[in-house]
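Colleague: Build the 3D model from these lines:
(3 chains)
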Amino acid sequence: MTSTAAASVVGQPVSRVDGPLKVAGGATYAAEFDPGPGLCHGAIVTSTVASGRIASIDTAAAEAAPGVVAVLTHRNAPVLPYHEHKGLTDPPEGERIHLLQDDRVRHQGQPVALAVAETLEEAVYAASLVRVSYRPESAVTAFSDAVAHAVPPGPRYRDRGLEGDGGRGDADAALGAAPVRIEAEYVMPRLNHNPIEPHGTVARWSEGELTLWDKTQWVDNVRAEMAAVFGLPPDRVRVVSPFVGGAFGSGLRPWANVTLAAMASRHVDRPVKVVLTRRQMFGITGYRPRSTHRVALGADRDGQLLAIRHEGVSETSTYETYAEEQLGSSEYLYACRDVATRYRVAPRNVQTPNDMRGPGKVTGVHALECAMDELAAALDMDPVELRLRNDTIVDQSTGVPFSSRSLRECYQAAGERFGWSRRNPRPGAMRDERGRLVGYGCASATWPAMRQAAEARARLLPDGSAVVSSSSSDMGPGTYTSMTQVAAETLGLPLERVRFELGDTRMPTAPVHGGSWTMASLGSAVQAACAEARRRALAEIGRADADLAAVLRQIGEPVEATVRTEPGDELRRYSAHSFGAVFAEVAVDPDLCTVRVPRLVGAYGVGRVVNPKTARSQITGGMVMGMGMALTERTEVDPRDARPVNSSLADYLVPVNADVGELDAVFVDEEDPHVNPLGVKGLGEIGTVGVAAAICNAVYHATGRRVRELPVTVERVLGAAVR
Amino acid sequence: MRVTMTVNGHRMDADDVWEGESLLYVLRERLGLAGSKNACEQGECGSCTVFLDEVTVCACLVAAGQAHGRSVRTVEGLAEAGADGAPGLSDVQEAFVAAGAVQCGFCTPGLLVQTEDLLRRTVAAGAGAPSDAEIREALAGNLCRCTGYEAVIEAVRLAAEWTERGRPAGGPARGEAR
Amino acid sequence: MRSFAYLSAPDIDTALHAVSAEPNAKFLGGGTNLVDLMREEIEQPDTVIDITRLPLAEVAELPGGGVRVGALVRNSHLAAHPLIRERYPVLSQAILHGASGQLRNMATVGGNLLQRTRCVYFYDTASPCNKREPGAGCAAAEGFHRNTAVLGTSEHCLAAHPSDMCVALAALDAAVEVRSVRGVRRIPVTDFHRLPGATPHVESDLAPDELVTAVEIPPLRAAANSRYRKVRDRASYAFALVSVAAALEVEDGRVRTARLALGGVGTRPWRAREAERVLADAPATEEAFDRAAEAELAAAVGRPDNAFKIDLARRTVTAVLRRLLTTDGSTP
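Modeller: Residues are numbered from 1 along each chain as shown, chains lettered A, B, ... in the order given. The predicted structure follows:
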């Protein structure tokens, strides 16, 4: 195999390199690791009040139950240092809950005890025997009450560039003067990530060193957090996470299972496994916060935007402030002189939200793109035309040009594949062969192209193969595969001769696997490390053009290079974002008002696509998550006691196979020479952005009814349909 | 109690099984077969789907005692061992890899078993390849949060085609499908 | 899950004697509901009697054209059975609209009769629920109750009966055969499930020592033209917001036989006798269908989250009956 043949591997639809292992049932996920003899199991007892103190906790029956090794509560749990630590994915404002360190309860579902037993069943049974009583304290339980006391995100968010108020010009004046105006409020419920694999950890202490097998998108942050919690030097903690059964952001922070497993393991001096139940996934992990948005748009009669005013408020906890950039897209997505944004967070006695796929953008773009459709209707203008009329090559929020922007091309490509030209603009005018009302809708999508520092090691072996590693994660997008492609291409070795390893704090440091930046960040480091290793190998024999495999055989010993790469100032000179356009067709039963989605078509400009097969699947998966947000998903929180009530996969409805129709995702040709050496802009999140808006807009087109609160359920459409 | 089952063609005993344990628990924790996944424990996600006496069930809801004396086939037993004794991949497994239907992999084992069942009842029984609507309904009990099911449908179509006409020799090389 | 004694019953008599000797025993069939509820600590039997090896898995034709279905017949088997598909398509469709393929492979007819509600508060042991804990109160009344009933509710309980199969059986006038050491008796399926009243924890007419052994479905000519329609949030694998089981026979433009039952809206599988009364001998028109549905739903009590079900049920009844007519307004 020559290096020329291997060089074409980036951009090819390579099958997932970890696929054969996964289909054979051989991939080992966090909770499946065998830590050696003595493993016991922990089951968590959770609080049933939103705020208060533990008045009494009776563990006698639990301790006497068969197989029980220990029952930990705040009364007997080890006192832990809990040193300050805030990783990039932790809220900068506030302080995390210190587990089992005091009697204070801050939210429903907070761990108040851990039963540790020989088997999982014994632990679960023992946990059910723990009797807890509370002295409840006043709590903000209803979102509406929290909104009444909403506040700006806070100074540390401002330091990160997230302001409560933003914009340019005088939006109020411009709105007042605009010939055409619309204003509407959009409500988006809380959503849970619901990866199929629940969070779980196996912890083992050995001679003062802690090893954790954990489900996480960021082993290095789990290490830093556990080092801080237990007061250990980071090099005494090892975190291993080679396979992650989906996360979508839920793996960005270590949850209670990690600390409790480590705490219990040290306490009983045996390895301990703690896995969250599905119900606990709703009460312990984060979620996309509930939010309410108000959007006002003003335009001239030709559809030129004259003003955007976008206000949003989302829930957070009382002990930390979780804020996300929900309104930024309203400042850069379209050309508009006068823009005002106002974002507030509403503290509530709930656990802290956290990033869920497309955080902020999924929420803010939904509101903006529904409003754009309302504006198009008010203008009697084609919704695609309205977007294109306000296209811009300069980011008007910063005044710098976009590094690349293919929004127009995306609308053209997706619109053509979708058949947008067949759309009768009049709502309620189209029917399918079954007599259902048909609606077409569209929306823009956007996600920032970001990049972090990253480090990778390339180790070239005498047999002509290579092992490349970094502490990153593969929660499903295909990190193993795409990094193998980049490495093989850079080294000039066939794919089969390159192995990529990840998910271990012993490896060179990768940034958190999130933000759609893994390819941009780690891909750049892998490329650099492989180039350097190849250069070193060839330098050994003094020839630059030789076949690497032959050179390695000749050298006879490993050649290694570890390289750290970081972004330059390119993201100050350019505004870098992926853009896309998504089209939805809905079919609405005229009698029963059920909404189905026969088709979703999206086109995306994401820079270079390393692997079209895995990339496409990322997008279609994101689309279906957006469809779930549009039609079925919501976490209901009881306003009386802030308790999530539908905490199961029977009651929280993620889309099933039968909900899905035709999905079509394409990438427009786009070269971005500015963003990073690979020219990739990221595609993990953008597939979810805009989908719910496209569907809502299609529902309007089908029925003439605006449903402004998600999800679009039968009762929200009922009564509006044409008989 | 002692539970004796035929698992993937081999007789297996599990001793000291507590009556409340599920078949899934016995497979994963006692027999070392972690391929079947535990994700909801309510029969709501399909990740633990296995064949029990040749029909698919959610192993999380089967009481261990109910599996006594019966035959179980899990994802680990889908492929026949090759001529060299090394386990290969079945048509369904190979098709899932080739079509890109595997992402995080956690729903995959259950999906593979349910797909195997669908193809046995349709194309392998001479009833022709299932329609997309049949596939989507048959797999409605297997939640996947990664793929959007698009590649899954492609994989099932591909596996059905291979079942009907035979898999191309050696299977598709990496990167050749699509 | 709490510990319990496990007994695998080799024959019916052993099962019946075991249950009569043990006050807190449960029969285990497919396990799809009981195992789940035990894991959630909602059901806590001292003894579990595994009945899956009992000879109750036969589907047999009865003299006169009815069908007898053993209590251990699996849902998937029953839905696919030629006798059911030909004579009672509504039953086959109802079963196929419930749960998932895997669960239908496990779930039994007897178990499905005893399926318990999916009210979210019933499932959350931290919330008060009169069904789970008599006298505790009902969290749903002032809480989230979108998936609760509008017919047959009481101040103590709003929980909807979750079964699809039972809705079809109610429309078909099926009878439940139960056995105990005291003997055999038959209960019309429409009397089998109880309204919640002041005792929502008592869900059926079944005595603690009785075992469901079979369901018998009488012959019904109209059932050949029958249909099940389920309105749900997902296209598959979701509980009903509203479902309708209907059979219709029209002669000379007038309704000769109409059978109707509703799911998702009732605290038990809801036989719509009032609607049937209105339909009797009425012209087979959409207007009459609508009037019949309205008559049935006149007694419905909606709450903020579930009031839409009243209108939705009316629409669904009308749509299903309309679909049972041929284009010339008759029935096949």
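Colleague: Of all the residues in stretch B:115-131, which ones are buried?
Modeller: For stretch B:115-131, the neighbour count (16 or more other CB atoms under 10 Å in any protein chain shown) marks B:T115, B:E116, B:D117, B:L118, B:L119, B:R121, B:T122, B:V123, B:A129, B:P130 as buried. In this view, the C-beta of every residue, glycine as well, is placed from N, C-alpha and C.
Colleague: Just the mean pLDDT for that stretch, thanks.
Modeller: If you average the pLDDT over stretch B:115-131, you get 96.
Colleague: Pull up the distance across it, start to finish.
Modeller: End-to-end distance for stretch B:115-131, by CA to CA, to the nearest Å: 13 Å.
Colleague: roughly how far is it from the heart of the chain?
Modeller: 14 Å (CA atoms, centre = their mean, to the nearest Å).
Colleague: do you know how far the residue lying closest to A:Q110 once chain neighbours are set aside is from A:V132?
Modeller: What sits nearest to A:Q110 in space, not counting adjacent residues and going by CB to CB, 6 or more residues apart in numbering or on different chains, is A:S47, at 4.4 Å. According to CB to CB, to the nearest Å, A:S47 and A:V132 sit 7 Å apart.
Colleague: Quickly list what's touching both of those two.
Modeller: A:V112 (CB atoms under 8 Å, 6 or more residues apart in numbering or on different chains).
Colleague: For the two, work out which one has more neighbours and name it.
Modeller: Comparing A:S47 with A:V132 by other CB atoms under 10 Å in any protein chain shown, the one with more neighbours is A:S47, at 22 against 19.
Colleague: how about the strands in chain B?
Modeller: Along chain B, counting by DSSP state E, strands occupy B:3-7, B:10-14, B:49-52, B:55-58, B:71-73.
Colleague: Domains in the chain, by residue range?
Modeller: No chain in the question, so chain A it is. Split into domains by automatic domain parsing, chain A comes to A:3-28+A:452-566, A:33-138+A:196-246+A:251-283, A:148-190+A:288-449+A:573-717.
Colleague: That was the other one, I meant chain C.
Modeller: Split by automatic domain parsing, chain C gives C:5-53, C:222-323.
Colleague: anything in the last one near chain A?
Modeller: Read it as domain C:222-323. Yes: with CB under 8 Å from any CB of the partner chain as the measure, domain C:222-323 is seen reaching chain A through C:231-239, C:241, C:308, C:311-312, C:315-316, C:318-319.
Colleague: Buried ones only from those residues, please, as a PyMOL command.
Modeller: The following PyMOL line selects those of these that are buried, judged by 16+ other CB under 10 Å:
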select buried, chain C and resi 231+232+233+234+235+236+237+238+239+241+308+311+312+315+316+318+319
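Colleague: Intersect the residues of domain C:222-323 next to chain A with the contacts of chain B.
Modeller: Okay, of these touching chain B (CB under 8 Å from any CB), that's C:A235, C:S236, C:Y237.
Colleague: How far off centre is stretch C:248-255?
Modeller: Distance, centroid of stretch C:248-255 to centroid of chain: 27 Å (CA atoms, centre = their mean).
Colleague: In a markdown table: the domains of chain C, plus distance to A:E670 and mean pLDDT.
Modeller: Shown next, in a markdown table, are the domains of chain C (distance: least, CB to CB, whole Å; pLDDT from 0 to 100):
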| stretch | distance to A:E670 | mean pLDDT |
| --- | --- | --- |
| domain C:5-53 | 49 | 96 |
| domain C:222-323 | 35 | 97 |
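Colleague: closest one to C:G152 among those?
Modeller: domain C:222-323 (3.9 Å; CB to CB).
Colleague: Now do the residue of chain B found nearest chain C: how many residues are near it, please.
Modeller: Residue of chain B nearest chain C, by CB to the nearest CB: B:G141 (2.4 Å). Using other CB under 10 Å, B:G141 is surrounded by 28 other residues.
Colleague: quick one, what contacts it?
Modeller: A:V656, B:G46, B:T49, B:C58, B:Q114, C:A99, C:S100, C:G101, C:Q102, C:L103, C:Y237.
Colleague: which non-adjacent residue is nearest it?
Modeller: Nearest non-adjacent residue to B:G141, counting by CB to CB, 6+ apart: C:S100, 2.4 Å away.
Colleague: Surely the one you found and B:A140 touch.
Modeller: Yes: in this structure, C:S100 is within contact of B:A140 by CB atoms under 8 Å, at 5.7 Å.
Colleague: Overlap in contacts, the two.
Modeller: By CB under 8 Å, 6+ apart, the residues touching both C:S100 and B:A140 are C:S236, C:Y237.
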